[in-house]
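Enquirer: got a structure for you, letters missing:
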């Protein structure tokens, strides 16, 4: 039986000179209570950008502009043992009217250089630094 892979997308959502951070709830399988970026699993038949649009809308109620900038790709193994491949993009929000899904308990808009002040998933800090050449 072939190994199952999960494909995920992550968005560094920018509005003017700020980026959006989300605080994961304590019941999340991966990285409970950590600050993170919106994103999630790609569903069969979706492009990476379609998945990113859907996940950002589901998690934050925000719509994003069509333009995107590729930042990185990454791999990790989930607690379930499934291998995961992820892709991170920098995108622009159309507005700042955030409404969180139940996966998250808080959100904040920060300057990219403030990323070190948050208990964020470590590899995401590097993506933000790369996106803004910090």
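Expert: That came in fine, so what should we check first? Not measured: the values here are computed from a predicted model. Numbering: from 1, shown residues only.
Enquirer: can you name the element that comes right after the longest strand seen in the chain?
Expert: Longest strand of the chain, by residue count under DSSP state E: strand 64-77. Of the helices and strands lying after strand 64-77 in sequence (DSSP states H and E), the nearest is strand 83-93.
Enquirer: longest helix of this protein?
Expert: In the chain, taking DSSP state H as the definition, the longest helix is helix 48-60.
Enquirer: what's the angle between that helix and strand 64-77?
Expert: Interaxial angle of helix 48-60 relative to strand 64-77 (axes from the mean of the first three to the mean of the last three C-alpha atoms, to 10 degrees): 90 degrees.
Enquirer: buried residues in helix 48-60?
Expert: Buried residues in helix 48-60, counted by 16 or more other C-beta atoms under 10 Å: 48-49, 51-53, 55-56, 59-60. C-beta: built from backbone N, CA, C; applies to glycine.
Enquirer: tell me what the longest strand of the chain is packed against?
Expert: Judged by 3 or more C-beta pairs under 8 Å, 6 or more residues apart in numbering; DSSP states H and E, strand 64-77 is in contact with strand 5-15, helix 48-60, strand 83-93, helix 122-132.
Enquirer: out of the ones you listed, deepest packed?
Expert: Highest mean neighbour count of the helices and strands packed on strand 64-77: strand 5-15, a mean of 21 (counted as mean count of other C-beta atoms under 10 Å).
Enquirer: between helix 122-132 and it, find me the angle.
Expert: Using the same axes, to 10 degrees: strand 5-15 against helix 122-132 is 50 degrees.
Enquirer: noted, bye for now.
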